[in-house]
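> heads up, no residue letters with this:
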């Protein structure tokens with residue numbers, strides 16, 4: 001049994017999901033028996049490709065024609081395809097590998113636990129597993145690892161707790177283990193660490209003694225006399241700074257006395273007299289700024305007087321006359337703004353900033369007469385418009401700034417502005433491809449985007465459907481045709497809530513641009529016979545089959561359950577619309593199809609108790 005798999009693509013290289021696949025015996029119109037897998041599970045013939053256009057099937061060895069149709073492609077047929085399972089040929093290839101002619105060629109009767117050896121084909125056979133053979137096998141393996149020729153190569157007779165040394169092969173042998181040998185072994189190991197040959201690690205230091213290092217850098221005891229202690233401290237001290245007398249770090253300062261530094265930078269006591277204090281303060285003060293008299297920091301200014309600075313930058317009292325006040329303000333003003341004009345300018349010209357400092361101005365060269373002038377009066381927040389064509393006069397335009405529509409009202413490319421009422425603008429978002437702008441009074445703006453549809457519509461009113469009452473229909477139960485329970489002038493189909501009943505119709509799927517129609521839109525006009533309370537759902541279901549050109553009528557599809565219809569809690573007719581992608585149903589443009597619409601009471605979505613009245617159904621394409 002051979003597996004065949006492939007994928008359906010159109011002339012643009014796009015996959016064709018849901019394409020119909022039919023397998024025939026080559027050169028005939030007889031459909032072949034195909035399988036889901038090698039376990040002989042029969043597969044429907046024809047069947048549809050998946051959403052990526054892929055398909056596969058299993059079939060007995062032979063010659064076949066494979067027809068592909070549906071979607072956006074023209075029906076075509078792969079003819080005289082030879083399908084042969086290659087697995088039986090594998091055995092022939094196997095026989096060519098080595099001359100094995102019976103089933104026993106690959107069968108082993110080896111006893112568990114026995115040692116194996118290879119026969120002439122390189123396959124394992126049982127050895128006698130005697131001690132001699134085991135020893136021989138181990139020896140052969142051992143010799144491959146290293147060249148050792150005698151049993152004693154790996155034997156040791158060393159007693160426990162004896163010191164080892166290595167023989168010529170690097171294996172351990174026993175040493176005499178005398179005290180001398182032990183000492184010698186330790187000494188050799190020790191010498192590898194460092195070259196010390198005597199009491200290098202022995203210390204006779206007395207506790208509490210100061211330590212000094214011997215020639216090996218190891219600690220040894222000092223005599224710890226006062227002289228040695230003083231000498232050790234001095235050595236450490238000298239490393240810190242060069243001080244040569246005991247009083248270098250000694251202070252006899254009296255508390256509360258002022259300090260000064262000696263030659264070593266250490267504090268020494270000053271006499272702390274008034275003169276010395278004053279002198280110290282003056283020295284500190286002189287470092288801050290050069291002031292030489294006591295009145296440098298004294299002020300006799302009267303409260304409320306304007307201050308000015310003396311030569312030291314300290315405040316002194318001004319006379320506070322009007323002239324001085326004016327002069328002070330002017331100086332302050334000049335210090336803040338510091339705008340400096342040019343040495344000359346044209347009378348009547350407008351000044352402009354000179355540079356980017358904001359402190360210099362220059363003649364702009366533009367006279368005031370060239371400026372745009374407004375009217376003598378205008379309303380606040382009105383929009384100004386030009387008055388005449390000189391470009392220099394403006395007037396009140398009569399419109400408020402608040403009347404402008406902000407550009408931020410549009411948020412997306414393609415947005416347009418519509419009005420919900422007089423003076424009430426709103427944003428109408430961009431529409432979809434293939435939609436046009438149409439009037440719709442039910443919308444807030446009075447406008448909406450609608451489908452620009454050039455495809456035909458099919459409208460079926462009650463009485464125009466076919467009655468599926470014979471065995472050639474998928475469901476041959478018919479709901480009948482009744483007068484509306486509330487208005488006998490209307491004819492309806494009353495679908496039962498316990499038995500699946502259906503009505504039939506047929507149509508041709510239109511052909512459009514290369515993309516063709518992509519969606520089928522179904523619109524129901526229906527209601528519940530009796531006003532429902534809470535549960536009011538209906539689950540419509542659709543079956544279909546193709547009426548081909550010069551070919552056998554197709555088989556009915558499996559049922560496609562449409563979206564649940566939620567009916568209102570009254571007996572008014574309701575319009576319900578739902579859109580189905582054509583590739584979901586695998587419908588082909590230009591082909592005639594027969595449909596059967598049923599109500600499916602067995603669905604979880606169908607919970608309306610009582611009859612469902614269908615008054616009209618409209619089908620269009622997009």
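Structure's in. What do you need? Since the model is a prediction, treat every value here as computed from it, not as a measurement. Numbers count the residues shown, from 1 in each chain.
> Could I get the pLDDT score of the nearest residue to residue 548 once chain neighbours are set aside?
Of all residues not flanking residue 548 in the chain, residue 554 sits nearest, at 6.6 Å (CB to CB, 6 or more residues apart in numbering). Glycine gets a C-beta too; all of them are placed from N, C-alpha and C. Confidence at residue 554, expressed as pLDDT, is 95.
> Give the burial count for residue 554, as a bare number.
Close neighbours of residue 554, defined as other CB atoms under 10 Å, add up to 18.
> quick one: secondary structure of it?
Counting by DSSP: H, G, I helix; E, B strand; the rest coil, the backbone at residue 554 sits in coil.
> Contacts only, for it.
Neighbour list for residue 554: 46, 545-548 [criterion: CB atoms under 8 Å, 6 or more residues apart in numbering].
> wait, which of the residues you listed is closest to residue 322?
The closest of the contacts of residue 554 to residue 322 turns out to be residue 546 (CB to CB; 109.9 Å).
> Name the helix or strand for that closest one, please.
Here residue 546 sits within strand 540-547, counting by DSSP states H and E.
> one step back: relative to residue 19, how far out is the residue nearest to residue 548?
14 Å (CB to CB, to the nearest Å).
> Could you report the separation of residue 13 from residue 484?
Distance from residue 13 to residue 484, counting by CB to CB: 53 Å.
> more crowded one of those two?
Applying other CB under 10 Å to residue 13 and residue 484 shows that residue 484 carries more neighbours, namely 18 against 6.
> residues in contact with the residue lying closest to that one once chain neighbours are set aside?
Distance criterion CB to CB, 6+ apart; nearest residue to residue 484, sequence neighbours excluded, is residue 490 at 3.9 Å. By CB under 8 Å, 6+ apart, the residues touching residue 490 are 462, 483-484, 615.
> quick one: which of those residues has the most company?
Result: residue 462 is most packed of these (other CB under 10 Å), 21 neighbours.
> okay but that residue is in contact with residue 491, surely?
Yes. Residue 462 lies in contact with residue 491 (CB atoms under 8 Å); the separation is 4.2 Å.
> which neighbours do those two share?
481, 615.
> Which pLDDT does the model give the residue nearest to residue 484?
96.
> how much space is there between it and residue 497?
Residue 490 is 20 Å from residue 497, by CB to CB.
> Skipping its backbone neighbours, what lies nearest residue 580 in space?
Closest to residue 580 by CB to CB, 6+ apart is residue 520, at 5.0 Å.
> With residue 32 instead?
Nearest non-adjacent residue to residue 32, counting by CB to CB, 6+ apart: residue 23, 4.6 Å away.
> How about residue 597?
Leaving aside its sequence neighbours, residue 597 sits nearest to residue 503 (CB to CB, 6+ apart; 5.6 Å).
> now do the same end-to-end measure for stretch 420-438.
This stretch, stretch 420-438, spans 15 Å end to end (CA to CA, to the nearest Å).
> Flag every buried residue along that stretch.
Residues 428, 431 are the ones in stretch 420-438 that count as buried (16 or more other CB atoms under 10 Å).
> So which residues of the chain form helices?
Remark: helices assigned in the chain by DSSP state H are 87-97, 131-145, 179-193, 226-240, 274-288, 322-337, 582-585.
> And residue 439, what's its pLDDT?
Per the predicted model, pLDDT is 89 at residue 439.
> Contacts only, for residue 537.
Contact analysis of residue 537 by CB under 8 Å, 6+ apart lists 564-567, 605-608.
> go again using 10 Å as the cut-off
If a contact means CB atoms under 10 Å, 6 or more residues apart in numbering, then residue 537 has 564-567, 603-608, 612 as its contacts.
> Quick check, pLDDT for it.
95.
> Ok, residue 476 next?
As predicted, residue 476 sits at a pLDDT of 95.
> same question, residue 332
So residue 332 comes in at 59 (pLDDT).
> quick one on the thing from earlier: ok, of the contacts of residue 554, which one's closest to residue 162?
residue 46 (90.9 Å).
> Can you tell me how far the residue nearest to residue 580 is from residue 506?
On the measure of CB to CB, residue 520 and residue 506 end up 14 Å apart.
> For the stretch 301-450 of the chain, give me the ranges with low pLDDT.
For the stretch 301-450 of the chain, the stretches with pLDDT under 70 are 301, 304, 307, 313-315, 319-320, 325, 328-338, 434.
> and with 80 instead?
Within the stretch 301-450 of the chain, the stretches with pLDDT under 80 are 301-340, 368-373, 376, 432-435, 450.
> which residue ranges form the strands in it?
For the stretch 301-450 of the chain, the strands defined by DSSP state E, counting those that start in this stretch occupy 307-309, 315-317, 349-353, 361-367, 382-386, 394-400, 416-421, 424-428, 435-439, 447-451.
> For the residue nearest to residue 597, give me its contacts.
Residue 503 sits in contact with 460, 462, 464-468, 475, 478-481, 493, 495, 595-599, 614, 617, where contact means CB under 10 Å, 6+ apart.
> on that earlier part again, more crowded one of residue 520 and residue 506?
residue 520 (21 against 14).
> contacting residues around that one?
Contacts of residue 520 by CB under 10 Å, 6+ apart are 455, 507, 509, 542, 578-582, 584-585, 587, 619-622.
> just those now: which is nearest residue 444?
Closest approach between the contacts of residue 520 and residue 444, by CB to CB: residue 579, at 23.7 Å.
> Report the contact partners of that closest one.
Neighbours of residue 579 in contact, by CB under 10 Å, 6+ apart: 451, 518-522, 563, 620, 622.
> Buried subset of the residues you listed, written for ChimeraX?
Only the buried entries of those go into this ChimeraX selection, using 16+ other CB under 10 Å:
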select :451,520,521,522,620,622
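> now the contacts of residue 579 as JSON lines including pLDDT and distance to residue 531?
Below are these laid out as JSON lines (pLDDT from 0 to 100; distance: CB to CB, whole Å):
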{"residue": "451", "pLDDT": "65", "distance to residue 531": "33"}
{"residue": "518", "pLDDT": "87", "distance to residue 531": "38"}
{"residue": "519", "pLDDT": "91", "distance to residue 531": "33"}
{"residue": "520", "pLDDT": "94", "distance to residue 531": "31"}
{"residue": "521", "pLDDT": "95", "distance to residue 531": "28"}
{"residue": "522", "pLDDT": "97", "distance to residue 531": "25"}
{"residue": "563", "pLDDT": "96", "distance to residue 531": "22"}
{"residue": "620", "pLDDT": "93", "distance to residue 531": "30"}
{"residue": "622", "pLDDT": "85", "distance to residue 531": "34"}
